[in-house]
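Novice: need a structure here:
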Amino acid sequence: MAYETVIGLEVHLQLKTKSKVFCGCSTAFGAPPNAQTCPVCLGFPGSLPVLNRQALMLAAKVAIALNCQIAKKIRFDRKNYFYPDLPKAFQISQFDQPLSQHGYLPVSIDGKEKRIKIRRVHLEEDTGKLFHQKDCSLIDFNRSGTPLLEIVSEPDINSPEDAYAYLTSIKSLLQYIDVSDCNMEEGSLRCDANISLRKPGAKELGVKAEIKNMNSFKAVKAALEYEQARQAGLLDSGKEIVQETRLYDAAKDVTESMRSKEEAHDYRYFPEPDLVPFDFEQALLKDIKSSIPELPGPRKKRFMADYHISDYDAAVMVGDKAMADYFEKCISIHKKPKEIANWLMGDVSAYMKEKNLTIDDLNLKWAHLTGMLKMIDDGIISGKIAKTLLIEMIQTGKAPAQLVKDKGLEQISDAGTIEKAVAEAIAENPGIVSDFKGGKQNAIMALMGKVMAKTKGKANPKKVNEALMKRLKGAV
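Specialist: Reported below is the predicted structural model:
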């Protein structure tokens, strides 16, 4: 590589509270425009903010989970800038005395664990939302004042792929500690990216561009890939990179200039006079820390140690807390972790992806899935029949035993029936038999397919193979 890529990410997270961060308005998504507003979140003169205790507790929970140091003295500041969806013309945020600093997030990159340092986690209020039309722009202030957490990484990320890994890891952690629904489509989780290039071995950072308007992790990765190539092209041609904010256009798969990038002094920060500085009681921090569950990293290591599954399988299982919980419930009654993981990562996940469902949305009781797997082990149904049975269980909610009985899906293990089907398959396919005699061992699979077709996929594959080998062995 002619250049080293340096990336820092700013994750913006709406916290799961019933009311806004400085007033009592609802934070529920989907209300009619401007229905959830009051003088405080609309910035009326004389209105005063009151800090939401639950928002502060959730913010501290995130900071602790990210191994950050909670500040001894915490203060809110006014970040001054004019934008139509910011009714006060300033945002209550945090500047030099944020909630927390100096944390890290362990991220698995190319099979190795890398600690991405967290510069700071601070609490602020969200802005309203603009809707641009041909001849005007409309503003919905329902979102204005929603508690927003900003998680700022150090520039420790060196590729768009690593940025994607960081984001998926941080989203998983946030879901585990249950502080947000992390819904990117509804704007609960957003991300801005800063990217610059420099010569390998250089200590100083290059001129950076900030990228906004990315509504998925795949979009973040694609935007960074484009920007990486754009900046490299400018440097190769001897041109200067301008520090600016750029927007990502997903339809064109390009970034486009939006405005020159502001510096901290442009915002004219000063202490928020209506909110006094404060500190946390240590007992309260201890309670918050004790409420944090087993996180994805430690859980992954436990899965590998206790269930003897691979690094990849464990990473997939713990990547979604609901999936990991479902996996462990299955193991509690069916002690075959690898088999369960294969079905969850394979057919179950494929159905979820096709229907855009989560494991919680899926109409599949864990006792039903394990019951089906036990029926495979007991030779009652084949793996092929199980794939069809799985869909039936999801769509009807019925137990596998009931569906097998109702639809006559029991696997055929009767020796006489299998022997008859095997004899017919051999008699009807002399060419395949000849191939087997000639040393083509794979020909046995073709004959098995013929037998399975005759039994409508119900014959026990193991018994079919045994019957075929017995008869063909005598024919060779």
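Novice: quick one, what contacts residue 362?
Specialist: With contacts defined as Cβ atoms under 8 Å, 6 or more residues apart in numbering, the neighbours of residue 362 are 348, 351-352, 394. The C-beta positions use only the backbone N, C-alpha and C, and glycine is treated the same way.
Novice: Between those residues, which sits nearest residue 377?
Specialist: Relative to residue 377, the closest of the contacts of residue 362 is residue 348; by Cβ to Cβ it sits at 17.8 Å.
Novice: secondary structure class for residue 138?
Specialist: Following DSSP: H, G, I helix; E, B strand; the rest coil, residue 138 is assigned to strand.
Novice: cool, and residue 102?
Specialist: Taking three-state DSSP, the label given to residue 102 is strand.
Novice: quick one, what contacts it?
Specialist: 68-69, 117-119.
Novice: Tell me how far stretch 97-113 lies from the chain's centre.
Specialist: 17 Å (Cα atoms, centre = their mean, to the nearest Å).
Novice: end-to-end on that stretch?
Specialist: Stretch 97-113 has its terminal residues 31 Å apart, counting by Cα to Cα, to the nearest Å.
Novice: Which helix in this structure has the most residues?
Specialist: The longest helix of the chain (DSSP state H) is helix 217-236.
Novice: buried set for whichever helix or strand comes after it?
Specialist: Counting by DSSP states H and E, the next helix or strand C-terminal to helix 217-236 is strand 244-249. By 16 or more other Cβ atoms under 10 Å, the buried positions in strand 244-249 come out as 245-248.
Novice: tell me which strands and helices strand 244-249 is in contact with?
Specialist: Where contact means 3 or more Cβ pairs under 8 Å, 6 or more residues apart in numbering; DSSP states H and E, strand 244-249 is packed against strand 209-214, helix 217-236, strand 254-260.
Novice: Work out the sheet partners of that strand and label each with its direction, please.
Specialist: strand 209-214 (parallel), strand 254-260 (antiparallel) (DSSP bridges).
Novice: and among those, the most buried is which?
Specialist: strand 209-214 (a mean of 20; mean count of other Cβ atoms under 10 Å).
Novice: Which of the contacts of residue 102 ranks first by neighbour count?
Specialist: In terms of neighbour count, residue 118 stands highest of those at 24 neighbours, by other Cβ atoms under 10 Å.
Novice: Please name the bridge partners of that residue.
Specialist: The partner residues for residue 118, given DSSP bridges, come to residue 103, residue 153.
Novice: Tell me the confidence at it?
Specialist: Here, the pLDDT recorded for residue 118 equals 98.
Novice: ok, it - contacts?
Specialist: Residue 118 touches 66-68, 102-105, 151-154, counting by Cβ under 8 Å, 6+ apart.
Novice: So it versus residue 101, what's the distance?
Specialist: 8 Å (Cβ to Cβ, to the nearest Å).
Novice: what does residue 204 give?
Specialist: 23 Å.
Novice: out of the two, which sits in the busier spot?
Specialist: Here residue 204 and residue 101 are compared on neighbour count by other Cβ under 10 Å; more neighbours surround residue 101, at 17 against 7.
Novice: Spit out the contact partners of that one.
Specialist: 68-69, 71, 119-121.
Novice: any chance you could map the strands in this structure?
Specialist: 4-14, 69-70, 77-80, 90-93, 100-109, 112-125, 129-132, 137-140, 147-153, 189-198, 209-214, 244-249, 254-260, 270-271 (DSSP state E).
Novice: Residue 426: which of the strands paired with strand 244-249 is closest?
Specialist: Nearest of the strands paired with strand 244-249 (Cβ to Cβ): strand 209-214, 60.6 Å.
Novice: what's the angle between the closest one and strand 4-14?
Specialist: If you take axes from the mean of the first three to the mean of the last three Cα atoms, to 10 degrees, strand 209-214 sits at 40 degrees to strand 4-14.
Novice: Name the residues that touch strand 209-214?
Specialist: Strand 209-214 is contacted from outside by 190-196, 220, 223-224, 227, 231, 241-249, 255, 258, 261, using Cβ under 8 Å, 6+ apart.
Novice: looking only at pLDDT, what's the mean for that strand?
Specialist: 92.
Novice: Repeat that for stretch 266-282.
Specialist: Mean predicted lDDT for stretch 266-282 stands at 92.
Novice: Ok, stretch 34-45 next?
Specialist: 96.
Novice: buried set for it?
Specialist: Under 16+ other Cβ under 10 Å, the buried positions of stretch 34-45 are 36-37, 40-42.
Novice: what does stretch 293-313 give?
Specialist: 295-297, 299-300, 303-304, 307, 309, 313.
Novice: where does the protein dip in pLDDT?
Specialist: 1, 261-264, 474-476 (pLDDT under 70).
Novice: quick one, domains of it?
Specialist: For the chain, automatic domain parsing gives the domain ranges 4-288, 305-396, 415-475.
Novice: Let me have these in a markdown table, adding distance to residue 402 as columns.
Specialist: Supplementary listing: those in a markdown table, determined by distance: least, Cβ to Cβ, whole Å:
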| stretch | distance to residue 402 |
| --- | --- |
| domain 4-288 | 34 |
| domain 305-396 | 9 |
| domain 415-475 | 18 |
